[in-house]
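> Here is a sequence together with a model predicted from it:
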Amino acid sequence: MKQLGSHSRVLFTLFTVIFLTAFTLHAKKKKSEEKKPRKIILMIGDGMGLAQICAGTVANGGYSHFQRFKVIGLSRTSSADDYITDSAAGATAISTGKKTYNKAIGVGVDSLPLKTILEYAEENKYATGMVVTCPITHATPASFIAHQASRSMDEQIALDFLKTDIDVFIGGGKIFFDKRADGRNLLTELSAKGYQVKTDTASVAAVKNGKLAGFIADKDPKAVYLGRDTSYLRNATLQAIQLMSNNLNGFFLMVEGSQIDWGGHENNIEYITAEMLDFNRTIGAVLDYAANDGNTLVIVTADHETGGLSLNEGTSYRQKKVSAKFSSKAHTGIMVPVFAFGPGSEQFAGIYENTELFYKMMKFYGFR
Ligand code: MG
Ligand code: ZN
């Protein structure tokens, strides 16, 4: 009896140890799952409809990284005051979940500020960043960080960058920071706020950690077909990801292929295909990162189509030749595609208003 008693005691202790170990492991696992960083990389091809994507695919000989997405949806792009949106109202719809009037930057139809997804990310102590191929104060990036009645207010939009905690931004538009009507030098003020302020592509690219205000042009960066470095957008995007990766909560990154739209306004197919190839290379690099990371949601979409582009007879994969026709010098109102990859991507299937993109991102982060 005595022997059996000590035997049970050993067994009891053993079971207790096993139970406690299992419980602790389970709790630890649950905790680490909860603490996984949540990252979104939102990529906007300005003016990028299906025809622009096809033109880039033809110029690339028949393949594009768009083919790697398994979830595809369609976004309805109308603004509050027009069937055809401009880039300001289009980006504000995506960044705030509210339709607004054309030209509005991060404000509603009443001109009052609306909190953006980037600002929600900052409020929740996530890292934030933007990488573009236009002035950083231009309509699309501005609508994620600024609140102004009109997109033409570049100098006021530049001031709004100082009111935020954005970790990294790279693009053109330096003159709106250092050649201002009010005489202020916002580059000096950004330095004082702890940013590494860099004013050419090489010194921007050399920054390996910390906060970065990167300017690659006084105003508009060059078009790719006129000589912009074809590694810029891809490398700056990967650099922004790396700079934000230390944040254990996660990050929000907006990347814009800004000049696809400008090629559309010019009805210039060479301009469009070069910008599409540039954007496609960047998408490839982002998907490689996201596939390896496993916890990054990648969304690729557009604010609207530009040019009413169609690809006609004479277009050839083999000759990498696009026979283009345009029906407009302006934006058009057709739905634009949404491509999603990674955790949470399933919710991007279907047809919905552009404002839904905001709510789907909020849901992925768990923000309220
Ligand atoms: Mg834009
Ligand atoms: Zn446009």
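Everything's here; your move. All of these numbers come straight from a predicted model, not from anything done at the bench. Residues are numbered from 1 along each chain as shown. Ligands and ions are numbered 1, 2, ... in the order given.

> Pairing partners for the helix or strand hosting residue 74, with directions?
Take DSSP states H and E as the rule and residue 74 turns out to sit in strand 71-76. Sheet pairing for strand 71-76, assigned by DSSP bridges, gives strand 336-341 (antiparallel), strand 350-353 (parallel).

> after the shortest one, next one along is what?
It stands for strand 350-353. helix 356-365.

> average pLDDT across the strand holding residue 74?
If you average the pLDDT over strand 71-76, you get 98.

> Which stretch among the strands paired with strand 71-76 is buried most, on average?
The highest mean neighbour count among the strands paired with strand 71-76, using mean count of other Cβ atoms under 10 Å, belongs to strand 336-341: a mean of 23. Yep, even glycine has a C-beta here, placed from its N, CA and C like the rest.

> Quick check: residues of this protein near ligand 1?
46, 87, 140, 258 (Cβ under 5 Å from the ion).

> Now the second one: closest residue in space, sequence neighbours ignored.
Ranked by Cβ to Cβ, 6 or more residues apart in numbering and with sequence neighbours excluded, the top spatial neighbour of residue 87 is residue 139, at 4.1 Å.

> tell me the contacts of the one you found?
For residue 139, the contacting residues are 86-88, 91, 105, 151, by Cβ atoms under 8 Å, 6 or more residues apart in numbering.

> Can you report phi and psi for residue 167?
Note on residue 167: backbone dihedrals following degrees, to the nearest 10 are phi -80, psi -40.

> give me the beta-bridge partners of the nearest residue to it once chain neighbours are set aside?
With Cβ to Cβ, 6+ apart as the criterion, residue 167 has its nearest non-adjacent residue at 4.8 Å, and that residue is residue 127. Beta bridges link residue 127 to residue 251 when assigned by DSSP bridges.

> now residue 127: how far from ligand 1?
Plainly put, residue 127 is 22 Å away from ligand 1 if you go by Cβ to the ion, to the nearest Å.

> That residue against residue 250, yeah?
Yes. Taking contacts as Cβ atoms under 8 Å, residue 127 lies within contact range of residue 250: 7.4 Å.

> Near the residue in the stretch 1-150 of the chain positioned nearest to ligand 1, how many other residues are there?
Proximity of the stretch 1-150 of the chain to ligand 1 (Cβ to the ion) peaks at residue 140, 3.1 Å away. Each residue near residue 140 was counted by other Cβ atoms under 10 Å, and the total is 27.

> Skipping adjacent residues, who's closest to it in space?
residue 91 (4.5 Å).

> Contacts only, for the closest residue to residue 72 other than its chain neighbours.
Among residues not flanking residue 72 along the chain, residue 339 sits closest, at 5.7 Å (Cβ to Cβ, 6+ apart). Residues in contact with residue 339 (Cβ under 8 Å, 6+ apart) are 66, 69, 71-72, 298-301, 348.

> Among those, which ones are in strands?
Applying DSSP state E to the contacts of residue 339, the entries found in strands are 71-72, 298-301.

> Turn the strands paired with strand 71-76 into CSV, including mean pLDDT.
Below are those laid out as CSV (pLDDT from 0 to 100):
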stretch, mean pLDDT
strand 336-341, 98
strand 350-353, 98
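
> Top of the residues of the chain next to ligand 1 by number of neighbours, please.
residue 46 leads the residues of the chain next to ligand 1 on contacts (other Cβ under 10 Å) with 30 neighbours.

> Dihedrals phi and psi, that residue?
phi -70, psi 130.

> Quick one: residues contacting it.
So residue 46 contacts 87, 134, 140, 256-261, 302-303, 306 (Cβ under 8 Å, 6+ apart).

> hang on, the earlier thing: compare residue 127 and residue 250 (neighbour count), which wins?
residue 127 (26 against 22).

> Looking at the contacts of residue 46, which one is closest to residue 212?
residue 256 (16.9 Å; Cβ to Cβ).

> the strands in the stretch 101-250 of the chain, which residues?
127-135, 168-172, 196-198, 212-215, 250-257 (DSSP state E, counting those that start in this stretch).

> Export those strands to TSV and append columns for mean pLDDT.
Output for those, formatted as TSV (pLDDT from 0 to 100):
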stretch	mean pLDDT
strand 127-135	98
strand 168-172	98
strand 196-198	98
strand 212-215	98
strand 250-257	98
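
> Now residue 357: closest residue in space, sequence neighbours ignored.
Nearest to residue 357 is residue 94, by Cβ to Cβ, 6+ apart, at 4.8 Å.

> so what does the host helix or strand of the one you found touch, helix or strand wise?
Under the criterion of DSSP H and E, residue 94 resides in helix 87-96. Using 3 or more Cβ pairs under 8 Å, 6 or more residues apart in numbering; DSSP states H and E, the elements in contact with helix 87-96 are strand 38-45, helix 117-123, helix 139-145, helix 356-365.

> 10 Å - rerun?
strand 38-45, strand 71-76, helix 117-123, helix 139-145, strand 250-257, strand 296-301, helix 356-365 (3 or more Cβ pairs under 10 Å, 6 or more residues apart in numbering; DSSP states H and E).

> before we move on, back to that, does the residue nearest to residue 357 touch residue 358 like I think?
Yes. The pair residue 94 and residue 358 qualifies as a contact (Cβ atoms under 10 Å) at a distance of 6.1 Å.
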